[in-house]
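Engineer: Everything below, folded, please.
(one chain, ligands or ions: 1)
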Amino acid sequence: MIKFPKPTVEQFLRTYVISNFAVSKDEKRIVFNTNLNGKMNLWAMDLPNTFPYLFAQKDQSSNFIKFDPEGRYVLTGYDNDGDENYQIYAVSNEGGEPQPLITGEPSEKYYFTHLSEDGNRIYYVTSKDNPNFLNTRVRNLADNSDEVINVGENGPTYLAGVSDKEDVFVYMRLLANTYIQLFVKEGDSLVSVTPNPEKIHVATSPVFVGEKDIYFTTNYDAEYNYVAKYNLESKKFEAVVNIDKESIEGLEYDKENNLLYFTTEKGVEDNLYRYDLSSGEVRKMETPVDVLEKLVVTKSGNLYILGRGATVPYNIYRSTDGKSWDLLTDNRVLGVDKEEMVEPDVVTYKSFDGMEIEALLFKAKPENDNGHTIFWPHGGPQASERKMFRAMFQSALNRGYTIFAPNFRGSTGYGSSFVKLVEQDWGHGPRLDCVAAIEWLFENGITDRDKLFLVGGSYGGYMALLLHGRHPEYFKAVVDIFGVSNLFTFVNSVPEHWKPMMERWVGDPERDKERFEKDSPITYLDSMVKPMLVIQGAKDPRVVKEESDQIVEKLKEKGRDVEYLVLDDEGHGFSKKENEIKVYNAMLEFLEKHQN
Ligand SMILES: CC(=O)N[C@@H](C)C(=O)N[C@@H](C)C(=O)O
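Structural biologist: Coordinates of the predicted model:
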């Protein structure tokens with residue numbers, strides 16, 4: 001018999017990411033953004049079921065894809081090696097070299113928001129002339145004229161919806177992740193679609209239904225987002241439909257059949273529903289994966305989703321009957337069956353104050369188990385760890401590590417009060433939720449006290465540094481991936497349009513000086529005695545390199561065992577395959593070195 005060796009780490013890491021997709025009007029082509037050839041590029045497939053082909057090469061991440069309804073071009077947006085300064089490009093309908101269309105200085109952002117029905121006017125939001133609050137402009141492709149239609153005020157303001165006749169505009173003002181106002185622009189004034197914009201709530205995803213109604217999702221006076229509507233004539237707000245303990249996240253309208261489709265976030269999973277606007281019937285629909293990243297409903301009523309599961313990488317699926325799904329892309333782990341990978345158990349534990357915390361426990365298979373656990377606090381922090389494929393997780397599991405990922409207070413998917421608990425408390429409650437999780441792992445015999453590693457990215461990297469500084473006794477070694485090390489420097493170095501939300505999110509460095517000191521990992525250098533690997537993208541605009549530089553420098557001065565890996569052409573993530581492989585190989589090597 002021929003014997004094949006155990007899968008290598010590369011096999012897991014060779015799966016590709018699909019970050020976005022669009023469907024042409026005739027549904028004969030999908031274009032998607034993927035690192036199929038190692039770097040992020042636009043690829044296309046002619047449906048049904050053809051081999052993917054390269055559609056536009058720029059080797060950069062794209063933040064949107066939009067087909068011209070007249071079939072003349074495809075619009076997209078690129079940044080530069082992860083700097084998140086996206087600018088707008090056009091690609092010929094046949095594919096080819098992306099041409100700069102709406103661009104400016106390298107430090108400026110140009111976010112596409114809407115294309116007119118005739119494909120001649122592009123609405124976009126830009127940091128140019130208003131870096132904190134953003135302006136909305138429209139470019140007319142017929143005569144190349146370009147004008148400002150809204151000047152953002154009092155908070156970063158995004159165009160969120162345009163009526164078919166382009167005479168009604170909906171704007172979203174993002175004051176925090178938990179405070180998003182939604183306004184209709186009438187004349188020069190913004191009129192709130194919810195009864196009181198001063199009350200803390202979120203309102204997003206507006207869709208125009210008929211001439212007079214705007215449907216949207218909100219948690220106004222509620223814990224979970226529901227669907228509401230605003231009538232442009234009566235100016236009345238009305239709650240329409242809610243799903244118990246699920247947060248409605250995105251709305252898509254099927255005009256032909258008068259149906260609203262929406263996805264919901266429920267803890268570690270998503271669901272898909274269909275709401276019949278004529279009969280009021282709500283139907284839960286089967287989906288092929290647990291986490292839904294994007295939903296598209298076409299004019300013909302077909303559904304397309306981009307999604308992933310814990311053991312299923314990113315794929316695009318289509319349903320023509322609302323019941324069964326065809327797999328359009330066939331992204332799989334090279335030579336590894338779903339059964340050879342690990343589905344997580346969903347567990348709950350009680351935290352220090354009695355609060356129930358949900359977590360994902362990925363148990364290494366007995367034949368692989370190396371006896372060690374990786375503790376993974378997720379990023380965001382107003383996000384959550386979900387049943388979603390992570391090549392890094394499955395390769396570490398295959399190497400024998402168990403992984404534990406708690407959705408500590410501040411995580412999304414458990415109601416708005418829970419999400420708010422991390423605001424102005426980055427380092428106390430969520431940290432103690434992590435400590436309670438670690439004790440729970442020991443008490444339940446899942447992990448031995450001397451076999452725990454700590455790995456986290458972004459806010460998770462911050463939490464890894466803070467746990468290392470305050471509770472070093474728990475860990476054998478620590479990996480920090482672009483984590484915040486100092487709250488004072490962090491709040492001043494984030495992108496300009498984030499600055500208006502920093503006070504609510506993190507706090508005020510002068511008013512909250514004592515708390516910032518207490519919650520900044522850099523305060524605890526003396527007790528950061530365990531070996532550490534720090535990984536950072538040089539172009540990261542969210543957690544800038546200075547956050548990693550300062551902690552690495554100070555620990556090195558103290559003679560600590562710190563390895564520092566900087567990726568010159570990456571931002572807040574690893575979009576290039578070779579970089580991703582380098583990073584996760586370095587991480588697994590580091591963990592292996594410190595097992596004994
Ligand atoms: C404004 C905001 O919530 N941004 C998050 C998506 C984000 O990027 N947070 C960083 C710090 C992270 O943890 O990923």
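
Engineer: From now on I want contacts and neighbour counts done on CA atoms only, so please keep to that.
Structural biologist: Fine.

Engineer: and I316, what does it touch?
Structural biologist: Neighbouring residues of I316 by CA atoms under 8 Å, 6 or more residues apart in numbering: Y304, I305, L306, G307, L327, L328, T329.

Engineer: so what's the fifth one up against?
Structural biologist: With CA under 8 Å, 6+ apart as the criterion, the residues that contact L327 are N315, I316, Y317, R318.

Engineer: if we take the residues you listed, which one ends up nearest to F375?
Structural biologist: Using CA to CA, N315 comes nearest to F375 of the contacts of L327, at 27.6 Å.

Engineer: pretty sure that closest one belongs to a helix, no?
Structural biologist: No - counting by DSSP: H, G, I helix; E, B strand; the rest coil, N315 is not part of a helix but strand.

Engineer: What's opposite it in the beta bridge?
Structural biologist: In this structure, N315 has beta-bridge partners G307, where bridges are defined by DSSP bridges.

Engineer: Look up the pLDDT of the residue most central in space within the chain for me, please.
Structural biologist: Using CA atoms, centre = their mean, the residue of the chain that lies closest to the mean C-alpha position is A383, 7.6 Å off. With respect to pLDDT, A383 has a value of 98.

Engineer: what does V543 give?
Structural biologist: For V543, the pLDDT comes out at 98.

Engineer: picking up where we left off before, got the contact list for the residue nearest to the centre of the chain?
Structural biologist: Applying CA under 8 Å, 6+ apart, we find A383 in contact with G410, S411, T412.

Engineer: Pretty sure the first one sits against R431.
Structural biologist: No - look at G410 against R431 with CA atoms under 8 Å: they stay out of range, at 10.9 Å.

Engineer: Compare the two and say which is more crowded by neighbours.
Structural biologist: G410 (25 against 22; other CA atoms under 10 Å).

Engineer: Just give the closest residue to that one, not the sequence neighbours.
Structural biologist: Residue nearest to G410 in three dimensions, not counting chain neighbours: V419, with 3.9 Å by CA to CA, 6 or more residues apart in numbering.

Engineer: Where does the one you found sit: helix, strand or coil?
Structural biologist: Put simply, V419 is helix when judged by three-state DSSP.

Engineer: give me the number of residues near it?
Structural biologist: By the measure other CA under 10 Å, the count of residues near V419 is 22.

Engineer: any idea how far the residue in the stretch 1-150 of the chain that the ligand sits nearest to lies from Q60?
Structural biologist: Distances from the stretch 1-150 of the chain to the ligand, computed as CA to the nearest ligand atom, single out E84 as the nearest residue at 11.0 Å. With the distance defined as CA to CA, to the nearest Å, E84 ends up 10 Å from Q60.

Engineer: Check N579 too.
Structural biologist: Separation of N579 from Q60 (CA to CA) stands at 14 Å.

Engineer: A464 now?
Structural biologist: From A464 over to Q60 (counting by CA to CA), the distance is 30 Å.

Engineer: what about those two, which has more around it?
Structural biologist: Each of A464 and Q60 has its neighbours counted (other CA under 10 Å); A464 has more, 30 against 21.

Engineer: Can you tell me the closest non-neighbouring residue to that one?
Structural biologist: G456 (5.6 Å).

Engineer: Quick check: which element contains that neighbour?
Structural biologist: Element membership of G456, judged by DSSP states H and E, is strand 452-457.

Engineer: for V494, what are its contacts?
Structural biologist: Going by CA under 8 Å, 6+ apart, V494 touches P541, R542, V543, V544.

Engineer: Please apply the same query to L277.
Structural biologist: Neighbour list for L277: N258, L259, L260 [criterion: CA under 8 Å, 6+ apart].

Engineer: would you turn the contacts of I316 into TSV with secondary structure and distance to the ligand?
Structural biologist: Compiled in TSV, the contacts of I316 are given as follows (DSSP: H, G, I helix; E, B strand; the rest coil; distance: CA to the nearest ligand atom, whole Å):
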residue	secondary structure	distance to the ligand
Y304	strand	25
I305	strand	22
L306	strand	20
G307	strand	19
L327	strand	29
L328	coil	29
T329	coil	27
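
Engineer: pLDDT for these - can I get that in a markdown table?
Structural biologist: Compiled in a markdown table, the contacts of I316 are given as follows (pLDDT from 0 to 100):
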| residue | pLDDT |
| --- | --- |
| Y304 | 98 |
| I305 | 98 |
| L306 | 98 |
| G307 | 98 |
| L327 | 95 |
| L328 | 95 |
| T329 | 94 |
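
Engineer: just curious, which of these is nearest to N130?
Structural biologist: Set against N130, the nearest of the contacts of I316 by CA to CA is L306 (33.5 Å).

Engineer: Surely the closest one is in contact with K294?
Structural biologist: Yes - proximity of L306 to K294 meets the contact threshold set by CA under 8 Å, at 5.1 Å.

Engineer: hang on, the earlier thing: and the contacts of L277, which is closest to the ligand?
Structural biologist: Distance to the ligand, by CA to the nearest ligand atom, is smallest for L260 among the contacts of L277, at 27.1 Å.

Engineer: Test my guess that the residue nearest to A464 contacts L467.
Structural biologist: No - because the distance of 10.6 Å does not satisfy CA under 8 Å, G456 is recorded as not touching L467.

Engineer: How confident was the prediction at the residue nearest to G410?
Structural biologist: With respect to pLDDT, V419 has a value of 98.

Engineer: Now do the strands in the stretch 401-550 of the chain.
Structural biologist: Taking DSSP state E, counting those that start in this stretch, the strands of the stretch 401-550 of the chain run over residues 402-406, 452-457, 478-481, 532-537.

Engineer: Just checking: what are the partner strands of the first one?
Structural biologist: In other words, strand 402-406. By DSSP bridges, strand 402-406 pairs with strand 356-362 (antiparallel), strand 373-375 (parallel).

Engineer: Can you classify K365 as helix, strand or coil?
Structural biologist: Taking three-state DSSP, the label given to K365 is coil.

Engineer: Check K39 too.
Structural biologist: Note that with three-state DSSP, the state of K39 is coil.

Engineer: Isn't it up against S62?
Structural biologist: No - using CA under 8 Å, K39 is not in contact with S62; the gap is 11.1 Å.

Engineer: Looking at the two now, which is surrounded by more residues?
Structural biologist: Looking at K39 and S62 with other CA under 10 Å, you find the greater number of neighbours at S62, namely 25 against 21.

Engineer: Now do that one against N37, distance only.
Structural biologist: When CA to CA is applied, the distance between S62 and N37 equals 15 Å.

Engineer: and the residue in the stretch 451-596 of the chain positioned nearest to the ligand, how many neighbours?
Structural biologist: The stretch 451-596 of the chain approaches the ligand most closely through Y459 (3.6 Å), counting by CA to the nearest ligand atom. Residues contacting Y459 under the criterion other CA under 10 Å number 23.

Engineer: now do P472
Structural biologist: P472, neighbours per other CA under 10 Å, totals 17.

Engineer: partners of the helix or strand hosting A239, with directions?
Structural biologist: Taking DSSP H and E as the definition, one finds A239 inside strand 237-241. Strand partners for strand 237-241, identified by DSSP bridges, are recorded as strand 226-231 (antiparallel).

Engineer: average model confidence for the partner strand?
Structural biologist: Here strand 226-231 scores 98 as its mean pLDDT.

Engineer: Get me the contact residues on the stretch 401-550 of the chain for the ligand.
Structural biologist: S458, Y459, R542 (CA under 6 Å from any ligand atom).

Engineer: Out of those, which is nearest to G559?
Structural biologist: Taking these together and measuring to G559 by CA to CA, the closest member is S458, at 24.8 Å.

Engineer: Helices of the protein, start to end?
Structural biologist: Along the chain, the stretches classed as helices by DSSP state H are 9-13, 391-398, 416-420, 429-443, 459-470, 487-493, 502-505, 513-519, 545-557, 577-593.
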